[in-house]
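> Would you be able to build a 3D model of this:
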Amino acid sequence: MSRNARLQFILCALLGWLTPAGAADFFAPPATNATARVVLVQGENLLNAYLPDDDRVQAAFNRGLTAFARTNDLSAAWRTLVKTNDVVGIKVFSIPGPLCGTRPAVVAAIVRGLLAAGLPPDHVIIWDKHTYDLRAAGFYELAAQLGVRVAGAAESGYDETNFYLPDSPVTGSLVWGDLEFGKKGDDIGKKSFVAKLVSRQLTKIISVAPLINENAAGLCGHFFSLSLGSVDNTRRFEGDPDRLAVALPEIYALPSVGDRVVLNVTDALLAQYQGGPSSFLQYATELDQLWLSHDPVALDTLALKELARDRKKFNIPPLPANYQIYTNAVLLQLGLNDPARILIEKVK
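Numbering: from 1, shown residues only. Purely as a prediction, here's the structure:
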C-alpha cells in the first residue's frame, strides 16, 4: 500500500469509519462523489442443463456491451475500449472448469466481437495462470475454433524487472516455476514477479470472472483472478484472508496489471455459493446474467452480496466475505464498494 493510501487508512480509523475486517455492513467512504456504473444483462434460457446456449449468450453479451458504450453499433462499442493495434488479453478463471468457471461461451462472444471490430486474430489472447487449467476448461479448443491465441502466464516466464514487493514482506515458499525458485539470499522469496505475458505482451486486458465463492477471499472475483493470475510466489498469500486483503488490491494496482484493464465482465450465468473454487453444481443457482463495468470493486461487491443472498435462501451458514480486500481497494482508488454509489442499469 502506498504512503498516501496508508495515511487515508489511518485517517479513516481515527474518524471511526473502519469496522472489523469481514463486517458485512462496512463500505469505505469514497474520496469524491463519483459513482460506479454496472450494466446488468438479464438473459432468458442462456443455460440448458447447465450448458450455455452460444447464440443466446452472444446476443445477451452484445446487448450489454452496446448499452455499456451507449451506442447501437457493436463495432463502435468495441472501439471505445480497444484499438486494432492493441494486443488484448482475455483473463479467464479456469480452475473450476467449464461449468462453474469462466464459461467458454462468454469468452467466445467477446472474441467474436473483437475480431469483428478489426483486431487481428493473433492480437487476441485467452489467458490464465496455467495452461493445464485452460486446456481442461476447453479454452484451447475454443481458441483453435476462433483462430486466436491461448497462453498460460506462468508458462510465459516472469519479468525480473517488474514485481510486487509489500511494505511488510512475507517470505514465500517458492515452488518450481517461480522466478527465484532454487536461489539463495536474504531477499529471496519476498517479491512476486509479474508474468512476461502481462508486462511485455498485453496492451489491454478484459477480465472475465465467474460468480463463485472462495473461502479466504470470499470470492473468485476480478481481484482474486487477475492479481493471483498475473504474478508468481503467491503461496504466501493464498489461504490467508489478512494477507490477501493487502496483496490482491496492491498487485492489481501495479501499472502493468490493473492499468491495462479496459473492461470487467462477471459471468453470472450461474452463482455458486459454496465449495469454490472447485465446481459443485449442487451449490449453484441459475441467474442467466452478465455484468459489465469498468469498476472491479463494484462488481466483486455485488457478487459477494449475491452469494450471501443465495446462502441465506438455501439456509446455508454464512461464509467469510473478506470485505477488507475492497476496503483497501477503495483506498487505492481502484473503485467503489458503497452500494449507494453503484448504479445498476438493467438490460433485457
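
> quick one: the longest helix anywhere in the chain to chain centroid distance?
Determined from DSSP state H, the single longest helix within the chain is helix 296-313. Distance, stretch centre to chain centre, for helix 296-313: 14 Å (C-alpha atoms, centre = their mean, to the nearest Å).

> Report all helices and strands that the following helix or strand past that helix contacts.
Of the helices and strands lying after helix 296-313 in sequence (DSSP states H and E), the nearest is helix 324-331. Here helix 324-331 touches helix 3-14, helix 222-230, helix 241-252, helix 296-313, going by 3 or more C-beta pairs under 8 Å, 6 or more residues apart in numbering; DSSP states H and E. Heads up, the C-betas are built off the backbone N, CA and C, glycines and all.

> Would you tell me which of those gets closest to G118?
Checking the helices and strands packed on helix 324-331 against G118 by C-beta to C-beta gives helix 222-230 as the closest, at 25.5 Å.

> now V39: how far from R341?
16 Å (C-beta to C-beta, to the nearest Å).

> of the two, who's got more company?
Between V39 and R341, counting by other C-beta atoms under 10 Å, V39 is the more crowded of the two (22 against 17).

> Pretty sure that one sits against G64.
Yes. At 5.2 Å, V39 counts as touching G64 under the criterion of C-beta atoms under 8 Å.

> Now do the shared contacts for those two.
L292, V347 (C-beta atoms under 8 Å, 6 or more residues apart in numbering).

> mind checking how far K191 is from V170?
As judged by C-beta to C-beta, K191 and V170 stand 11 Å apart.

> out of these two, which sits in the busier spot?
K191 (22 against 14).

> Just give the nearest non-adjacent residue to the more buried one, would you?
Nearest residue to K191 in three dimensions, chain neighbours excluded: F163, at 4.3 Å (C-beta to C-beta, 6 or more residues apart in numbering).

> Would you list the phi and psi of that neighbour?
The phi/psi pair for F163 (degrees, to the nearest 10) reads phi -150, psi 170.

> Equivalent analysis for C100, please.
According to degrees, to the nearest 10, C100 has phi -120, psi -10.

> next one: L343
phi -90, psi 120.

> Please identify the buried residues of the helix or strand harbouring R56?
Using DSSP H and E, R56 sits in helix 54-69. Residues of helix 54-69 classed as buried: 54, 56-58, 60-69 (neighbour count, 16 or more other C-beta atoms under 10 Å).

> Same question for stretch 174-187.
L174, D178, L179, E180.

> Next, give me the two most distant ones among the residues you listed.
L174 and L179 (8.6 Å).

> what do the two both touch?
With C-beta under 8 Å, 6+ apart as the test, L174 and L179 both reach N233.

> Give me the below-cutoff pLDDT ranges for the stretch 1-150 of the chain.
Across the stretch 1-150 of the chain, the ranges flagged by pLDDT under 70 are 1-32.

> Tally up the residues packed near L336, please.
Residues near L336, counting by other C-beta under 10 Å, number 24.

> Near the nearest residue to it once chain neighbours are set aside, how many other residues are there?
The shortest distance from L336 to any non-neighbouring residue, by C-beta to C-beta, 6+ apart, is to A36 (4.4 Å). Residues contacting A36 under the criterion other C-beta under 10 Å number 23.

> same question, V150
Neighbourhood size, V150 [other C-beta under 10 Å]: 21.

> any idea which element it lies in?
Assigned by DSSP H and E, V150 belongs to strand 149-152.

> about what we covered before: now the helix or strand that the helix holding R56 is followed by - C-alpha only, CSV.
The first helix or strand that comes after helix 54-69 along the chain, using DSSP H and E, is helix 74-79. What follows is helix 74-79 as a C-alpha-only set of coordinates in CSV (Å, rounded to 0.1, in the frame of the first residue of the first chain):
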residue,chain,number,x,y,z
LEU,A,74,-21.3,-3.2,-31.8
SER,A,75,-18.0,-2.5,-33.6
ALA,A,76,-18.2,1.1,-32.4
ALA,A,77,-18.8,-0.1,-28.9
TRP,A,78,-15.6,-2.2,-29.0
ARG,A,79,-13.6,0.7,-30.4
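
> Using neighbour counts, pick out the buried residues of helix 74-79.
For helix 74-79, by 16+ other C-beta under 10 Å, it's L74, A77, W78.

> Lovely, talk soon.
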